[in-house]
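>>> build me a model from this:
(2 chains)
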Amino acid sequence: MKVLINKNSYQPNDFSKEKETLMIDGSKYQLIEKEKNHLLIKKDERIYKVFYVFNDKAKSVNLSFKGKTYDMRINDSAKHEADNESGNTITAPMPGKIFKVLKSAGDLVEVGETIVILEAMKMEHALKAKVQGKLDVLNFKEGEQVEADALIAKVLEDNND
Amino acid sequence: MKRVLIANRAEIATRVIRTCHKMGLETISIYTEDDKNLPFAKQSTYSVSLGSGTVAETYINKEKILEIAKKYKADAVHPGYGFLSENSEFGELLENNNITFIGPKSKNILLMGDKLESKNFVKSLKLPVVPGYEGDNQDAKHLEQEALKIGFPLLIKASSGGGGKGMKIVHSEKDFLEQLNRAKSEAIKFFGNDRVILEKFIINPRHIEVQVLGDGKGNGVHLFERECSIQRRYQKVVEETPSLALDDKLRTSICDMAVDLVKGLNYRGAGTVELILDEDKNYYFLEMNTRLQVEHGISEMITGVDLVEQQILIAQNEKLALKQEDIQSNGHALECRIYAEDPSNNFLPQSGEIKYLGKTIDPTVRVDTGYETGNKVGINYDPMIAKILTHDHSRESNLNKMKNALNELPFLGVKNNRDFLINILDFKDFCNGNYHTHSLEAWMDQLSQSESEDLEMAYAAFHFIGSQNISEERIEKFIDPWSEGSGEWLG
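Numbers count the residues shown, from 1 in each chain, chains lettered A, B, ... in the order given. Next comes the predicted model:
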């Protein structure tokens, strides 16, 4: 599940769930109490009291713990998916670092050709062209950090083929 | 005195009701339709609607309030702060109708409400005022002579000015005449009058004020100082006592000066003498507020004196029972003001429903608020929604105590400055007491940087809130499962 935290997209690298216990990026989060406006979550033997309310006609949740307030909502990625289905855009599937850029804006690319290699969770992910055409947009350089769902590249589909 | 009408709203009305009831007095609250669900409209013995309308038609409508006071047989009116608290006509109107005004005598309000006259009065008592020249002789040569007496840097201000127009800072003697000409030509342009006044420019001033009480029978005491230098656009944000800027000798000197003023005025009631302190520890009278102040609670905490009770006793024509030697300053007290405003968007005032206010596990924390969970904060009134006050033996432990308290009081539902306040309490220069009235603006960029966000914990909590109900396929829309009439998340 992708979420927006204070308007920034977030998704853990590693997530699993067993009953009232979550594993997020190597740490264990245990739910020990759930009340109308607060949760108690235990992590590394420390208890976190998390206050929450529903806002914006229940489209978002406001959380507060350790003196900070968070606005959280589910990342409405329907629009991205529509773009992705058209095949023209290439977005980051997860947050990471641009490891290699193999093409330049204006280059002609074939279906399946790697445009950018993203490094995330200590692995390399090749981001490939899904359509054939001219590389119209290339937003990042090598070494730059990207967030999940960031638009990396756009291909102008070659329809004459 | 049996029955007191409180001519105010929200937290200060609640605050006054608390002491009235403690003293066995009945209370009358007056409220507008916007405010009918706020606690103060329900905590009093009688509760009377003012209907709807502007502030002028409701909370500061003198005739209407008098009419209610007469109808419901109020013996006295407490004005709180703001609204009619420093309106001498209101006090007179009540007294003419045999209703006690819980506040100073009209002539004290009038004199201290006039900037120039109050300054001249304070000067006549040989108390320090900001050095300056306000005379009729506007000849350039004469003004230059006066400027030399005052010293540099100094301010040239348009007599009828405001908003910084026609105001010049002069750093040295050689620039004086040139800046004087500029100030005068701007003054003519903006105000049609080229008369100017000169005033010493205080670099990095600290705002110190002294809480005082007088009984109008020649007796006066102080309840020590409050430091209110943490301000944003002249709005106080954090206040504390004692001030780290004063040593015992300076404290005694400043507080004695405030008492001299109370005695000089033969002042009756509670008041605050505001001063500015310069970098060389010189202090100057700024103004006197002839009312209970928003931040009065921290003085109550360190002295154990209930200021509203004192106001009521004094208004009943009693002699001040408190002797100066009985009033001791004990420990450190701190106040943080929660405003419904958005620090991430230029502190714009916010409105909306307080969906969860919070409560502290520590019973020594004082939460002075006019709201409770479920109340709406509107845009028609002051954006201050609460004052959080803590008291402890040392400043260091008290700062931590305040952070614990704020952590438990998120005021969720309306954007507010709670997180920003915590950032101030963590800020190094605040912790060291190294600040003045311009500091908060200077710190702003660093304070606004959101650091140490715990995204994993937020994600975990988000998951648990809907863990039985949210699945990847059903997350598009959900509603509060706790809200009335629904026990289910909607898919």
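>>> quick one: residues contacting the spatially most central residue of chain B.
By C-alpha atoms, centre = their mean, chain B has its centre lying nearest to B:Val294, at 3.9 Å. Contact analysis of B:Val294 by C-beta atoms under 8 Å, 6 or more residues apart in numbering or on different chains lists B:Ile12, B:Tyr81, B:Lys236, B:Arg337, B:Met384, B:Lys387. Every residue, glycine included, has its C-beta placed from N, CA and C.
>>> in the lengthiest strand in chain A, what counts as buried?
Using DSSP state E, we find that the single longest strand of chain A is strand A:46-55. Residues A:Tyr48, A:Lys49, A:Val50, A:Phe51, A:Tyr52, A:Val53, A:Phe54, A:Asn55 are the ones in strand A:46-55 that count as buried (16 or more other C-beta atoms under 10 Å in any protein chain shown).
>>> sheet partners, orientation included, of the helix or strand harbouring A:Ile90?
Assessed by DSSP states H and E, A:Ile90 sits inside strand A:89-91. Strand pairing for strand A:89-91, using DSSP bridges, gives strand A:151-157 (antiparallel).
>>> please state the offset of the strand it pairs with from the chain centre?
How far strand A:151-157 lies from its chain's middle: 18 Å, per C-alpha atoms, centre = their mean, to the nearest Å.
>>> ok, and what's touching it?
By C-beta under 8 Å, 6+ apart, strand A:151-157 touches A:87-92, A:98, A:103, A:109, A:115-116, A:118, A:127, A:129-140, A:146.
>>> and the host helix or strand of B:Leu421, is it in reach of chain A?
Using DSSP H and E, B:Leu421 sits in helix B:418-426. Yes - using C-beta under 8 Å from any C-beta of the partner chain, helix B:418-426 reaches chain A at B:Arg418, B:Asp419, B:Ile422.
>>> extract the CA atoms of whatever helix or strand comes next after that helix and return them as CSV.
Using DSSP H and E, the next helix or strand after helix B:418-426 towards the C-terminus is helix B:428-431. Extracted C-alpha coordinates of helix B:428-431, given in CSV (Å, rounded to 0.1, in the frame of the first residue of the first chain):
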residue,chain,number,x,y,z
LYS,B,428,19.2,25.8,21.4
ASP,B,429,19.0,29.6,21.8
PHE,B,430,15.6,29.3,23.6
CYS,B,431,17.0,26.6,25.9
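>>> any part of helix B:428-431 near chain A?
No - judged by C-beta under 8 Å from any C-beta, helix B:428-431 makes no contact with chain A; its nearest approach is 15.0 Å.
>>> and that helix, what's buried?
B:Phe430.
>>> does anything pack onto the following helix or strand past it? Which helices or strands?
Proceeding N to C from helix B:428-431, the next assigned helix or strand is helix B:439-448, under DSSP H and E. Contacts defined by 3 or more C-beta pairs under 8 Å, 6 or more residues apart in numbering or on different chains; DSSP states H and E place helix B:439-448 against strand B:220-232, helix B:418-426, helix B:428-431.
>>> per-domain residue ranges of the chain.
All of this is about chain A. A:3-74, A:78-157 (automatic domain parsing).
>>> looking at chain B here, not the other one
According to automatic domain parsing, chain B comprises the domains B:3-102, B:132-200, B:206-448, B:455-491.
>>> among the ones you listed, which gets the worst mean confidence?
Note on the domains of chain B: lowest mean pLDDT is at domain B:455-491, with a mean of 55.
>>> for B:Ala76, phi and psi?
phi -150, psi 160 (degrees, to the nearest 10).
>>> is it true that it touches B:Ile6?
No - contact between B:Ala76 and B:Ile6 fails when scored by C-beta atoms under 8 Å: they sit 9.9 Å apart.
>>> comparing the two, which residue is more hemmed in?
B:Ile6 (27 against 23; other C-beta atoms under 10 Å in any protein chain shown).
>>> surely the more buried one is in contact with B:Ala74?
No - B:Ile6 lies out of contact with B:Ala74 (C-beta under 8 Å); the separation is 9.4 Å.
>>> so what's the residue count around B:Glu33?
12.
>>> any idea how far chain A is from it?
Plainly put, B:Glu33 is 25 Å away from chain A if you go by C-beta to the nearest C-beta, to the nearest Å.
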